[in-house]
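Enquirer: Let's see this in three dimensions:
(4 chains)
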Number of protein chains: 2
Amino acid sequence: MLLTTSAEENYLKAIFKISEKDPGPVLTNALATAMGTSAASATDMLKRLSEKQLVAYEKYRGVTLTPEGNRLATSLIRKHRLWEVFLVEKLGFAWDEVHDFAEQLEHVQGDNLTDRLDEYLNHPRFDPHGDPIPDAQGRWIRRPQVRLTTLSPGQKGIVTGVDDHTSPFLQYLDELGIALGVAIELLDRTAYDQSSKVRISGKEYTLSEKASQNLFLRLE
Amino acid sequence: MLLTTSAEENYLKAIFKISEKDPGPVLTNALATAMGTSAASATDMLKRLSEKQLVAYEKYRGVTLTPEGNRLATSLIRKHRLWEVFLVEKLGFAWDEVHDFAEQLEHVQGDNLTDRLDEYLNHPRFDPHGDPIPDAQGRWIRRPQVRLTTLSPGQKGIVTGVDDHTSPFLQYLDELGIALGVAIELLDRTAYDQSSKVRISGKEYTLSEKASQNLFLRLE
DNA sequence: AAATATTTTTAGACTTGTCTAAAAATAAAT
DNA sequence: ATTTATTTTTAGACAAGTCTAAAAATATTT
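Expert: I've put the predicted structure just below:
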């Protein structure tokens, strides 16, 4: 059994997420930025992770996860998302309140905890933000994710997820009545700034470009 | 808001527990032993905790918790025990499996988590080992705790708690059918080694002195 | 009260993880 | 192809927490 610290685990997750969006080796600077730290610190950490065989690291060439590193990162994401489901479904937190808790809970170690939690929650396949939850074997379902910005006027979609988990954004969505499962119809798009005119349960709203960009939909 | 590390929190808990059993200042050596570390390390930590005003520490004279330190220690015990209830009641773990998880979960920080968990669990007053759970104000009910070793032959009691949370001991109790709420009648005590002959739901057993010492009962 | 034993503290070193500043390597621009 | 700009690494320092060994304080024994 391999021992990892929370700090190491957070770096692994960051590497995983960056290479998910942007395949290929992750550069030190991108990692440092994602971790909110300096390139020097990232380099230090990459050396440690490399010694533990969790990443393949080549000086100046960036880093990729080894199979073991990938397994660990996937498990962390599984834990994070399961805990988020628990916090929302069982403890009654709002979707904008759970990230920081899950960030800590995902590092709790020990046999079987994750699988029991998964069982208890009835094997949810998506977390409260619509992100897919890997199963015990590390496999997950790809979420239907058409961005609102790609719709043509007149098209309708059901919200399946959000790409920004920050409290202000999620609360802004709450105010508009936007939640997972809600139907949105694109009425029109402002030409000069790409903001969207939409209809949500009968009412019309204007969504900023950023908000439009951060909404994932399944087309109806 | 005061920031504390897990290591600091564990020391605070240890100080709390030692002075619970043995009132008065906690000596460095006792603390080091409880923490499984050296007296030198304990001294180092006491300086840090003292700077943070969590303990009143006088060189060579031992240490006591400040009101703030006491509040924090009590809150940690509350969190630990609530998580244990969750793990046993909701996730279906056995009472000997939950300690290590709770040891990690108790350090999760953030507003409201503990109180929501408490609410969700229906404000339990005792954890799976029979230990009282402090409420949000830090108050708790004292558990009826007569030790089996203090009973006279012929007396009966209901198990209300155990004073040893280790897996081997709890599994030993499982084998004998001893759990919270089970009735035990003391039949006889061996003179030379204080082990106890008992009756549990009709059957007779002999409990070692150590086991007898670690069982708390409410007299019938 | 002096000698001995125990406890506690200090001193110095190590690890993990962080930082800033400087050096080295790579990439981009002329 | 050389200069310039950017990225990355190294070097050295710091903090938290640990350790062992030695020094200092307290307690116990004679």
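Enquirer: And the pLDDT for A:G62?
Expert: We have a pLDDT of 93 for A:G62.
Enquirer: same deal with the one 3 residues further on?
Expert: In the predicted model, A:L65 carries a pLDDT score of 96.
Enquirer: Likewise for the one 10 residues further on?
Expert: The model reports A:S75 with a pLDDT of 97.
Enquirer: Next secondary structure after the lengthiest helix in chain A?
Expert: The helix spanning the most residues in chain A, taking DSSP state H as the definition, is helix A:67-85. Next in sequence after helix A:67-85, counting helices and strands by DSSP states H and E, comes helix A:99-105.
Enquirer: which other helices and strands contact that next one?
Expert: Of the remaining helices and strands, those touching helix A:99-105 by 3 or more Cβ pairs under 8 Å, 6 or more residues apart in numbering or on different chains; DSSP states H and E are helix A:67-85. From N, CA and C alone the C-beta is placed, and that goes for glycine too.
Enquirer: Quick one: name the residues of chain A near DNA strand D.
Expert: Residues of chain A that fall close to DNA strand D, judged by Cβ under 7 Å from any atom of the strand: A:27-30, A:39-40, A:42-44, A:46-47, A:57, A:59-60, A:62.
Enquirer: most surrounded residue in these?
Expert: A:A42 (24 neighbours; other Cβ atoms under 10 Å in any protein chain shown).
Enquirer: give the contact list for it.
Expert: A:11, A:28-29, A:31-32, A:35 (Cβ atoms under 8 Å, 6 or more residues apart in numbering or on different chains).
Enquirer: go on, A:Y120?
Expert: A:86, B:90-92.
Enquirer: where along chain A do the helices fall?
Expert: Using DSSP H, helices in chain A cover A:6-21, A:28-35, A:39-51, A:67-85, A:99-105, A:113-120, A:167-176, A:209-213.
Enquirer: so which of the ones you listed gets nearest B:A7?
Expert: helix A:6-21 (13.2 Å; Cβ to Cβ).
Enquirer: For chain A, which residues are neighbours of DNA strand C?
Expert: Counting by Cβ under 7 Å from any atom of the strand, chain A sits next to DNA strand C at A:5-8, A:35, A:37-38, A:40-41, A:44-45, A:48, A:60.
Enquirer: pLDDT wise, what is the residue nearest to A:L91 when sequence neighbours are not counted at?
Expert: Distances taken as Cβ to Cβ, 6 or more residues apart in numbering or on different chains place B:R116 nearest to A:L91, at 4.4 Å, with adjacent residues excluded. Predicted confidence (pLDDT) for B:R116: 98.
Enquirer: re the thing from before, in terms of distance to DNA strand C, which of the contacts of A:Y120 ranks first?
Expert: A:F86 (26.0 Å; Cβ to the nearest atom of the strand).
Enquirer: Quick check: that closest one touching A:L121?
Expert: Yes - applying Cβ atoms under 8 Å, one finds A:F86 in contact with A:L121, separated by 6.1 Å.
Enquirer: Mind checking which of those two has more residues around it?
Expert: A:F86 (24 against 15).
Enquirer: Contact partners for that one?
Expert: A:117, A:120-121.
Enquirer: Residue ranges of each domain in chain A, please.
Expert: A:6-65, A:76-142, A:146-219 (automatic domain parsing).
Enquirer: which residues sit in contact with the most centrally placed residue in chain A?
Expert: In chain A, the centroid-proximal residue (Cα atoms, centre = their mean) is A:D131; its distance is 5.9 Å. For A:D131, the contacting residues are A:81, A:143, A:161, by Cβ under 8 Å, 6+ apart.
Enquirer: Name the nearest residue to A:S19, ignoring sequence neighbours.
Expert: Looking at A:S19 with Cβ to Cβ, 6+ apart, the closest residue is A:V26, at 5.5 Å.
Enquirer: was I right about that neighbour contacting A:Y57?
Expert: No - A:V26 lies out of contact with A:Y57 (Cβ under 8 Å); the separation is 9.7 Å.
Enquirer: what residues are shared contacts of those two?
Expert: Joint contacts of A:V26 and A:Y57 (Cβ under 8 Å, 6+ apart) are A:V63.
Enquirer: what's the weakest-modelled helix or strand in chain A?
Expert: Here the helix or strand of chain A ranked lowest by mean pLDDT, DSSP states H and E is helix A:209-213, holding a mean of 89.
Enquirer: Run a quick neighbour tally on A:A73.
Expert: Neighbours around A:A73, by other Cβ under 10 Å: 25.
Enquirer: For it, give its distance to chain B.
Expert: To chain B, A:A73 is 20 Å away according to Cβ to the nearest Cβ, to the nearest Å.
Enquirer: got the contact list for that residue?
Expert: Applying Cβ under 8 Å, 6+ apart, the residues near A:A73 are A:12-13, A:15-16, A:65.
Enquirer: now do 6 Å
Expert: Neighbouring residues of A:A73 by Cβ atoms under 6 Å, 6 or more residues apart in numbering or on different chains: A:12-13, A:16.
Enquirer: Which PyMOL command selects the buried ones in those residues?
Expert: To isolate the buried ones among the contacts of A:A73 in PyMOL, judged by 16 or more other Cβ atoms under 10 Å in any protein chain shown, type:
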select buried, chain A and resi 12+13+16
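Enquirer: quick one: which of the contacts of A:A73 is nearest A:I178?
Expert: Among the contacts of A:A73, A:K13 lies closest to A:I178 (Cβ to Cβ), at 26.9 Å.
Enquirer: Would you mind listing what in chain A touches chain B?
Expert: A:90-91, A:100-101, A:104, A:108, A:110, A:113, A:116, A:120 (Cβ under 6 Å from any Cβ of the partner chain).
Enquirer: so which pair among those is furthest apart in space?
Expert: Going by Cβ to Cβ, the pair spanning those furthest: A:D100 and A:R116, at 23.1 Å.
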